[in-house]
Structure formats: structure tokens, C-alpha cells
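Peer 1: Sequence and predicted structure are below.
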Amino acid sequence: MGRTRVKICGITRVDDAREAVRLGADAIGLVFHPPSPRHVNQRQAREIRAVVPAFVTVVGLFVDAEPERVREAVAAVPLDLLQFHGAEPPEYCRSHGRPYMKAVRMREGIDLHSECARYGDAAALLVDTYRPGVAGGTGETFDWSRIPRDLGLPLVLAGGLAPGNVDAAVRQVRPYAVDVSGGVEAAKGIKDPAKMQAFIRGVSRADTE
Ligand SMILES: O=C(O)c1ccccc1N[C@@H]1O[C@H](COP(=O)(O)O)[C@@H](O)[C@H]1O
């Protein structure tokens, strides 16, 4: 069993990115979705990107963005991975010529095997809580027992993860990676170093026991 990777999403400040990396995050997420309180513009994104060293993945998150908006962001900021968190079809996701991860929200009746087959060229499938009318970053968990064990893509678990529950989540689901936003914040878009540290420690604990 490999180490569970950690992505800290919704970074809006250079210092938070530095701290996430120092604490051992494998990836940081930049939200290119203007309605989100964690939205970053291209200047902020470039400044944050510039302090992220080799071997830490910088992920750009989009929600049903016009293709032109994705192209502009990709041209302006060296993003390692694109995260599509809306209802983007596979052709859209692969049209940007970059590795991508598809997020699916756990609405009733969702079939994760079908989603994996549909997005077969994705670098990972991310599963998140479904709340009608909210694209993501809900801060709410879902019933992890709904996730089948034998998915054909690396699984990224998200949705309401926090220092207090990530250990249990990793033990139960054994995902490839976990993704957290609100659970390690002091305020919307502002990360809390102690929470990031406790979160990453929780993942390591689950990995080592
Ligand atoms: O973080 C956001 O603001 C956001 C906005 C729109 C879509 C997705 C968003 N974040 C992603 O949502 C999940 C769960 O976040 P949380 O830990 O429950 O706050 C995660 O994958 C974030 O990358």
C-alpha cells in the first residue's frame, strides 16, 4: 500500500502555499472559479506558482468554464494538472492538452464505474459531496461506503475532510489521495497552518497503522 497523497485546495496567498509545501503537501489547488471565495486571478496564481518547488503539483480548478477561460489560465500560469469540477464532458476535459482530474459529485444513483469508463484518460477521479446548487467546497462529507473498492482510476477523496475525520476516511476508503479546502481554513481562502499540519499528520497516521 502506497502513501496517501495530500492536496490542499483553495490557496489564495503565497505564504499559505509555502506553508503547505513545508508541511508536506503533495499538491496545491488554485481555484479559477470567480463565484468561489477562494478564487484567484492570474497574477495571484502566477505569484503562488512561483514559490512551489519541483515535485509538488500545482492544480488549476475550473467549474464549467468557457474553454477560452481555461486556455487563458493555462497560457498564463504553468499548471501541472487541471481539475474539472462541473459537468464537463470527456471531450472538453481532454481538449486542453493537459493532464486532468475529473470531479464527480455523489448525487443519488451515481455509478462510479461508469464515470471511470467515461473519463478513462483522466489522471484521477475525484469524488465530492453533492449539494444541489453548490459546485464544491461544501465542507460536508458523504457516506464513504458508497465508493466501490475496485475503481479503474486513482481515487481522490474530497468533501468535508478535516483534521478530525481524515484519519478515519483514509482507513475506510484507502484512496490514492485526499483533497481538502474548508477543513484547513482559518477563514474562507485563508489557510490555518496548525490545521494543515494536523490534517497531514492524520493522513500519515492512517498510512502507518
Ligand atoms: O474550494 C472551492 O471554493 C471550490 C469551488 C468550486 C468547486 C470546488 C471547490 N473546491 C473543491 O471542493 C472539494 C471539497 O472541498 P471541501 O474540503 O469540502 O471544502 C475539494 O475537491 C476542493 O478542491
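Peer 2: Noted; the coordinates are in hand. Numbers count the residues shown, from 1 in each chain.

Peer 1: Count the residues that sit near the residue of the chain found nearest the ligand.
Peer 2: Taking Cβ to the nearest ligand atom as the measure, the point where the chain comes nearest the ligand is Gly136, at 2.3 Å. For the C-beta atoms, the positions are set from N, CA and C on the backbone; glycine is no exception. Residue neighbour count, defined by other Cβ atoms under 10 Å, stands at 25 for Gly136.

Peer 1: isn't it right up against Arg105?
Peer 2: Yes. With contact defined as Cβ atoms under 8 Å, Gly136 counts as touching Arg105 (7.4 Å).

Peer 1: residues shared between the contacts of these two?
Peer 2: Asp128 (Cβ atoms under 8 Å, 6 or more residues apart in numbering).

Peer 1: Can you pull the residues of the chain lying near the ligand?
Peer 2: The chain comes close to the ligand at residues 9-10, 29, 31, 33, 36, 38, 61, 63, 85, 126, 128, 135-139, 158-161, 179-183, as judged by Cβ under 6 Å from any ligand atom.

Peer 1: Could you rerun that using 8 Å?
Peer 2: By the criterion of Cβ under 8 Å from any ligand atom, the positions of the chain lying close to the ligand are 7, 9-10, 29, 31, 33, 35-39, 61, 63, 83, 85-86, 103, 126, 128-129, 134-140, 156, 158-162, 179-183, 185.

Peer 1: rewinding a little: what pLDDT does the model give the closest residue to the residue of the chain closest to the ligand other than its chain neighbours?
Peer 2: Leaving aside its chain neighbours, Gly136 sits nearest to His85 (4.9 Å; criterion: Cβ to Cβ, 6 or more residues apart in numbering). You'll see His85 listed with a pLDDT of 98.

Peer 1: Please apply the same query to Pro90.
Peer 2: Value listed for Pro90 in the pLDDT field: 98.

Peer 1: can I assume it is in contact with Asp121?
Peer 2: Yes. Under the criterion of Cβ under 8 Å, Pro90 makes contact with Asp121 at 7.5 Å.

Peer 1: Could you check how far the residue of the chain closest to the ligand is from Gly182?
Peer 2: 10 Å (Cβ to Cβ, to the nearest Å).

Peer 1: Look at Asp16 and give its secondary structure.
Peer 2: Using DSSP: H, G, I helix; E, B strand; the rest coil, the structure places Asp16 in helix.

Peer 1: got it, and Gly164?
Peer 2: Taking three-state DSSP as the rule, one finds Gly164 in the coil state.

Peer 1: For burial, what's the neighbour tally of it?
Peer 2: The burial count assigned to Gly164 is 12, neighbours taken as other Cβ under 10 Å.

Peer 1: what do you get for Pro154?
Peer 2: With neighbours defined by other Cβ under 10 Å, the count for Pro154 comes to 15.

Peer 1: Just read off the phi/psi values of it.
Peer 2: Dihedral pair for Pro154: phi -60, psi 130, per degrees, to the nearest 10.

Peer 1: how far away is it from Gly2?
Peer 2: Pro154 sits at a distance of 10 Å from Gly2 (criterion: Cβ to Cβ).
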